[in-house]
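Peer 1: got a sequence here, can you model it:
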Amino acid sequence: MEEEYTECLLENKFHENCPGCKVDQMKRLRSGFPFSELCSIWIIVLGTALPITSLFPFLYYMIDDFNIAKKEEDIGFYAGFVGCSFMLGRTLTSVIWGVVADRYGRKPVILIGTASVVIFNTLFGLSVNFWMAIITRFCLGSFNGLFVPIKAYAMETFRDEYHGLALSAVSTAWGIGLIIGPAMGGFLAQPAKQYPSLFSEESIFGKYPYFLPCLVMSFFALLVFIISLCIPETLHNHTIDNDVSNDESFDAGSLLKSWPLISSIFVYCIFALHDMAYTEIFSLWANSPRKYGGLSYSTNDVGTVLAISGLGLFCFQVFVYPLAERLLGPVLVSRFAGALMIPIQMSYPFIAKLSGLSLSLLLNCASILINVLSVSAITGLLILQNKAVDQSQRGAANGIAMTAMSLFKTVGPAGAGILFSWSERRLHAAFLPGSHLVFFVLNVIVVVGVALTFKPFLTTARR
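Peer 2: Below is the predicted model:
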């Protein structure tokens, strides 16, 4: 099918009623930097990514307010289940959204995903107990299938020479959303307590202390939904002329037999597991008291660190990553990024012993580097995945990748919460006491990911 599209372009033959052909024609006639496409992808991905990890800075306090944890050390245990419920929902529905995207188009899935943020993220902010929080997060993950087709959509709206930039834009916006979201959660949670001159304890934001950050993100998602109504569809739909229809595009057998695809997905899942576990552990560690090896940070303090990290990530991915990917290739970028994360994570328990300016300086530097390196590793693997399949199978392939990744990310928060809770009970252990254990396990995950970037495990498709 992809060869037919290419021939169609070369001969300037376009199917008048095919939205994909219209996009291809637009790409062929347009020259210069794809600024409008870049902005569209950025805004759409950012609006969907913001709520995914926005809860982590205040989750410690939310669980405490639910009065479900009998001991302070048990808060991390319950926080893990709320954190993983989103990914569990996404695990169960990602392949379905991939098939829908390949049969009915990328745009419907994008619209449903942004609409789900508006509805379920708002309801999560109004949660009054542990189970309401879990159910609303699960529904948000189940209906938010946008990340399945958005990578294929980005590849299809950018010209070939900008494919690296396209996937970098997706992963960068996603990564920044996963950082800015928690920053907003930290700044805006408990507004009656943080900003008593602006918000009263008797107001809705006093009764529901975690509603404001969810409301702000849901409002932004509503704007994104309106913008998404104007984007073009990119899926080719040659129902008359094509011998191969979109109904036949989902062939799970052929995709699962593609080792370049499967190997890149597996390595991607390892780094995604680390990314999700690190995100939850960092916030829990920063919020926890000094006596447990934490930093005793408030939600506002955590938000400040994550906002600075988001700015650093934005600058790196826009100005540095595309150059690094062209010079080294996606495999080496992922490998080097993973290797550099290991010594940085080893330093976190020692950073906790500092105070004042030295603590702020080193913590912000470490946080920026970890986030930059993590997103860089994931971006390289996204490029490998989307180059391993034809256009007609990218939605389904990304659905398989999302299902596998979501399964790993479901384990991430739950395992991280249990591990963190256990580490606070072994502060005086002879081997890896306290937070040393947590960051050691994170490094083990990274080591596995780096090891799998070598041949014969990770192979690339020749296209």
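
Peer 1: need the longest helix for the chain.
Peer 2: Counting residues, the longest helix found in the chain (DSSP state H) is helix 356-387.

Peer 1: check which helices and strands it is in contact with.
Peer 2: Helices and strands touching helix 356-387, by 3 or more Cβ pairs under 8 Å, 6 or more residues apart in numbering; DSSP states H and E, are helix 147-157, helix 163-188, helix 259-287, helix 299-319, helix 321-328, helix 330-346, helix 348-351, helix 394-423. In short, each C-beta sits where N, CA and C put it, glycine included.

Peer 1: ok, and the closest non-adjacent residue to the residue nearest the centre of the chain?
Peer 2: Using Cα atoms, centre = their mean, the residue of the chain that lies closest to the mean C-alpha position is Trp174, 5.0 Å off. Excluding the flanking residues, the one nearest Trp174 by Cβ to Cβ, 6 or more residues apart in numbering is Ala49, at 4.8 Å.

Peer 1: in the stretch 51-200 of the chain, where is pLDDT below threshold?
Peer 2: For the stretch 51-200 of the chain, the stretches flagged by pLDDT under 70 are 164.

Peer 1: at which residues are the helices of it located?
Peer 2: Secondary structure of the stretch 51-200 of the chain (DSSP state H, counting those that start in this stretch): helices located at 56-66, 75-104, 106-116, 122-125, 130-143, 147-157, 163-188, 191-194.

Peer 1: any idea which of those gets closest to Ala396?
Peer 2: helix 75-104 (4.6 Å; Cβ to Cβ).

Peer 1: run the angle between the closest one and helix 56-66 for me.
Peer 2: 120 degrees (axes from the mean of the first three to the mean of the last three Cα atoms, to 10 degrees).

Peer 1: report the buried residues of helix 75-104.
Peer 2: 75-95, 97-103 (16 or more other Cβ atoms under 10 Å).

Peer 1: can you check stretch 21-39 too?
Peer 2: Cys21, Lys22, Val23, Asp24, Lys27, Pro34, Glu37, Leu38.

Peer 1: export it to CSV, keeping only CA atoms.
Peer 2: Taking C-alpha atoms only, stretch 21-39 is exported to CSV below (Å, rounded to 0.1, in the frame of the first residue of the first chain):
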residue,chain,number,x,y,z
CYS,A,21,-4.0,11.9,-0.5
LYS,A,22,-4.9,15.5,0.2
VAL,A,23,-2.4,15.6,3.0
ASP,A,24,0.2,14.0,0.8
GLN,A,25,-0.4,16.6,-1.9
MET,A,26,-0.1,19.4,0.6
LYS,A,27,3.2,18.0,1.8
ARG,A,28,4.4,17.7,-1.8
LEU,A,29,3.5,21.3,-2.7
ARG,A,30,4.6,22.9,0.6
SER,A,31,8.3,23.8,1.2
GLY,A,32,10.0,25.2,4.3
PHE,A,33,9.9,24.3,7.9
PRO,A,34,6.6,22.6,9.0
PHE,A,35,5.8,25.1,11.8
SER,A,36,2.0,24.8,11.8
GLU,A,37,2.1,21.0,11.9
LEU,A,38,4.7,21.1,14.7
CYS,A,39,2.5,23.5,16.8
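
Peer 1: so where's the stretch 301-450 of the chain uncertain?
Peer 2: 391-392, 394-395.

Peer 1: quick one: the buried residues of stretch 21-39 as a markdown table, columns for pLDDT, distance to Gly417 and secondary structure too.
Peer 2: Putting the buried residues of stretch 21-39 into a markdown table (pLDDT from 0 to 100; distance: Cβ to Cβ, whole Å; DSSP: H, G, I helix; E, B strand; the rest coil) gives the following:
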| residue | pLDDT | distance to Gly417 | secondary structure |
| --- | --- | --- | --- |
| Cys21 | 77 | 49 | helix |
| Lys22 | 76 | 48 | helix |
| Val23 | 74 | 43 | helix |
| Asp24 | 74 | 47 | helix |
| Lys27 | 73 | 45 | helix |
| Pro34 | 75 | 41 | coil |
| Glu37 | 80 | 39 | helix |
| Leu38 | 82 | 36 | helix |
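
Peer 1: what about the residue nearest to Ala416 when sequence neighbours are not counted, neighbour count?
Peer 2: Distances taken as Cβ to Cβ, 6+ apart put Ala277 closest to Ala416, at 4.2 Å, once the chain neighbours are dropped. By other Cβ atoms under 10 Å, the residues close to Ala277 number 27.

Peer 1: now swap in Cys365 and tell me
Peer 2: The burial count for Cys365: 16, using other Cβ under 10 Å.
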